[in-house]
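Asks: coords please:
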Amino acid sequence: MDHIIFGWSSLNKGKLAALLIGFLFLSLTLTAQSSKTAIVGTWLNQEKAAKVEIYQQGEKFFGKIIWLKEPKESGKPKTDNKNPDKSKHNDPIIGLVMLKNFEFDGKSTWENGTIYDARSGKTYSCYLTLKADNTLKVRGYVGISLFGQTNIWTKTN
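Replies: Got it, this is the predicted structure:
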């Protein structure tokens, strides 16, 4: 009677194991594919002074500043006045693309990108790691990641 209700007794253990492994593989594949865009959205930086919109363009990910807690300096919108390229000194900070060329690793990290620090005018190698608590570990570094700094951003949408 059990085999009529549940239907499991007609499957032998090998078929059942293969079915479960196939389902697990499919689930992991779909999870990895769906998490590729998990960083897309708006993030509040660790200091709560800026919001960065992360978006996908082609196969890569970028981030631009869309909000500043203090958007003005001396009564005027803040500009990229520390940029080593003097032609960009009058470019507004809001709208500035500060994260560039990140590639998804298939798990939970976006790597091979750069982060621009408008406060210093410096660009660093960077990777982003999505954490289970809806935070983003942002690691900027020079050379190897051992020589760097980590900030934690919080998703706002």
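
Asks: rest of the way, CA atoms for contacts and neighbours
Replies: Fine.

Asks: can I assume residue 102 sits in a helix?
Replies: No: assessed by DSSP: H, G, I helix; E, B strand; the rest coil, residue 102 does not belong to a helix; its assignment is strand.

Asks: For the closest residue to it other than its chain neighbours, which residues are in contact?
Replies: Nearest residue to residue 102 in three dimensions, chain neighbours excluded: residue 113, at 4.3 Å (C-alpha to C-alpha, 6 or more residues apart in numbering). Contact analysis of residue 113 by C-alpha atoms under 8 Å, 6 or more residues apart in numbering lists 99-103, 125-127.

Asks: Report the beta-bridge partners for residue 113.
Replies: Per DSSP bridges, the residues bridged to residue 113 are residue 126.

Asks: Widest-spaced pair of the contacts of residue 113?
Replies: Spatial extent of those (C-alpha to C-alpha) is set by the pair 103 and 125 at 12.7 Å.

Asks: hey, what's in contact with both of these two?
Replies: Residues touching both residue 103 and residue 125 by C-alpha under 8 Å, 6+ apart: 112-113.

Asks: now the contacts of residue 113: which count as buried?
Replies: 99-103, 125-127 (16 or more other C-alpha atoms under 10 Å).

Asks: Between the residues you listed, which sits nearest residue 78?
Replies: Closest to residue 78, out of all of those and judged by C-alpha to C-alpha, is residue 99, at 18.4 Å.

Asks: helix/strand/coil for that closest one?
Replies: Per three-state DSSP, residue 99 ends up strand.

Asks: where's it relative to residue 76, distance?
Replies: Here residue 99 is placed at a distance of 24 Å from residue 76 (C-alpha to C-alpha, to the nearest Å).

Asks: ok, now residue 89?
Replies: 13 Å.

Asks: which one of those two has more residues nearby?
Replies: Set residue 89 next to residue 76 and count neighbours by other C-alpha atoms under 10 Å: residue 89 wins out with 15 against 9.
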